[in-house]
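Asks: Give me the fold of what follows.
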Amino acid sequence: MFRIRIAFTVLTLVLSSVVASAGRKPNVLLICVDDLRPELACFGKSYIKSPNIDKLAASGRPFFSHYVQAPTCGASRYTLLTGRYGGSSNGALFARARELAKDPNSVPPSMPAWFRQHGYTTVSVGKVSHHPGGRGGRDWNDTDTPEMPNSWDRHLLPAGPWQHPRGWMHGLAHGEIRKNAKDMGVMQAAEGPDQNYPDGYMLREALKQMDLLGRDKDNPFFLAVGILRPHLPFGAPAKYLEPYKNAKLPTIAHPHRPSGKTTWHGSGEFMKYNRWGRNPNTDAAFAIEVRKHYAACVTYADAMVGKLIEKLEFIGAKENTIILLWGDHGWHLGEHSIWGKHALFEESLHSPLIIHHPGIKQAGKPTTSMVETLDIFPTLCELAGLKKPEHAQGVSLVPILKNPNAPGHDAFAYRRNARTVRTSTHRLIAHKDGYSELYDHRTNAGETNNIAGENPALVKELRAKIAVRLD
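Replies: Next up is the predicted model:
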């Protein structure tokens, strides 16, 4: 009889938990990965070791044709976190904060603010907005200069041995921070645990916050975790480089600098680091070495993803949590002779997106339907059962989550002096001075053969599309 009573009590507790979960809005775990191109096994790069992200993709929907709004961290994250097109600089969210300070009614709520207004506890850990921890000032720790006012219940970045968020953002092993970039190695693989590098240290806080959020049985959570790597400098624990030491990497597609006027740039962010007198554009062995260190950083970031999902399972929240993994933009690894982002080429704007949600149909089946970062805000609202805010400019991706063959739409992006549209067949880059680049993605030439002069009607049509969408 005693055993029967225990079994009945356990069953009652389980059923109560299920009922409570069924009546509660789903949690959101948003994972932002910096400078992550679609360099993952689940996106077709079989030499990359990304088992945890691959597992997430197998239980969710990988979006093979996801494009960001800007090839730089701050502007891309602006769109993610506001659901709107915005400025093209890394200071886009700070500019929004200044407008908010002048007139709170003139600026619509951000995505975390919207969820917060609808009963969610919102927490950010790591690099989610451009400044890890969300503050300005010389060392990015000035509490009087918030990057996203009224958005987060907690906006956190424990800098640890890296002294402050600016140091963490450009840190290497054992608390080394960037003072003069030319004195810091562009890549590194130091022996030791994950916590020797910034992401490993940050992750401890993210797991702590997940524990705290999991104990709150009254309110759902919106937890955003920003993983720094593979952002420069390419530093990760040595164990993550080990699988690549003897790996054979695919050749670089279209490795030469394009002729004529293009969106090309000189990889200033990369080249300012200490490269020991070597240039990957002229030194093939060094290029391979750089790419292997980038791959090691991807595998390190993948380990962080695995630990986040493992914790989510441990606290019993995974079955009622939407998980969204997003790369803030792409990154050139020698294509067009570029080592960086900041261009409007495919490699800068194409990034991974994976969405997992409870009850997803055809789990693991990828979609090639074209989508934008702009679409994430309305998608999360619909999945969470919240009304889509009128100011959000994207469209919900729920139809594609239900059916991977559902249609997508053109993708738009911008930088300081040009704008672009990517269709299913072409990319047009429209410079502000009237010059155009037009590339046909149905050909092997890709974005190396500018056919604008041969197709004036298509150039005019696509320029009109850009004007309608972005003006």
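
Asks: What number of residues are in the vicinity of Gly160?
Replies: Number of residues near Gly160 (other CB atoms under 10 Å) recorded here: 17. C-betas here are computed from N, CA, C, even on glycine.

Asks: shouldn't it be in contact with Tyr201?
Replies: Yes - counting by CB atoms under 8 Å, Gly160 does reach Tyr201; the two are 4.5 Å apart.

Asks: okay, now the domains of this protein?
Replies: 26-404, 417-471 (automatic domain parsing).

Asks: And those domains: which comes nearest Asp410?
Replies: Asp410 lies closest to domain 417-471 among the domains of the chain, at 5.2 Å (CB to CB).

Asks: Strands of the stretch 1-150 of the chain, start to end?
Replies: With DSSP state E, counting those that start in this stretch as the criterion, the stretch 1-150 of the chain has strands at 27-33, 61-63, 66-67, 121-126, 135-136, 142-146.

Asks: Comparing the domains of the chain, which comes out most buried?
Replies: domain 26-404 (a mean of 20; mean count of other CB atoms under 10 Å).

Asks: what about that domain, start to end distance?
Replies: End-to-end distance for domain 26-404, by CA to CA, to the nearest Å: 22 Å.

Asks: for stretch 267-276, same thing?
Replies: From its first residue to its last, stretch 267-276 covers 16 Å (CA to CA).

Asks: Over to stretch 437-444?
Replies: In stretch 437-444, first residue to last residue: 17 Å (CA to CA).

Asks: and if you look at stretch 434-443?
Replies: Terminal residues of stretch 434-443 lie 25 Å apart, using CA to CA.

Asks: Over to stretch 313-327?
Replies: 23 Å.

Asks: can I get the strands of the stretch 1-150 of the chain in JSON lines with mean pLDDT?
Replies: Below are these laid out as JSON lines (pLDDT from 0 to 100):
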{"stretch": "strand 27-33", "mean pLDDT": "98"}
{"stretch": "strand 61-63", "mean pLDDT": "98"}
{"stretch": "strand 66-67", "mean pLDDT": "98"}
{"stretch": "strand 121-126", "mean pLDDT": "98"}
{"stretch": "strand 135-136", "mean pLDDT": "98"}
{"stretch": "strand 142-146", "mean pLDDT": "97"}
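
Asks: surely Pro280 meets Phe286?
Replies: Yes - applying CB under 8 Å as the test, Pro280 and Phe286 come out as touching, 5.1 Å apart.

Asks: Including distance to His164, could the strands of the stretch 1-150 of the chain go into CSV?
Replies: Formatted as CSV, the strands of the stretch 1-150 of the chain follow (distance: least, CB to CB, whole Å):
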stretch, distance to His164
strand 27-33, 20
strand 61-63, 35
strand 66-67, 33
strand 121-126, 14
strand 135-136, 10
strand 142-146, 10
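
Asks: Could you point out which of the ones you listed sits nearest Ser369?
Replies: Closest approach to Ser369 among those (CB to CB): strand 61-63, 7.5 Å.

Asks: now that closest one: how far from the chain's centre is it?
Replies: The chain centre lies 14 Å from the centre of strand 61-63; the measure is CA atoms, centre = their mean, to the nearest Å.

Asks: Stretch 217-228 now?
Replies: Computed by CA atoms, centre = their mean, the chain-centroid distance of stretch 217-228 equals 16 Å.

Asks: nearest residue to Ser348 other than its sequence neighbours?
Replies: Leaving out its chain neighbours, the residue that sits closest to Ser348 by CB to CB, 6 or more residues apart in numbering is Pro71, at 3.7 Å.
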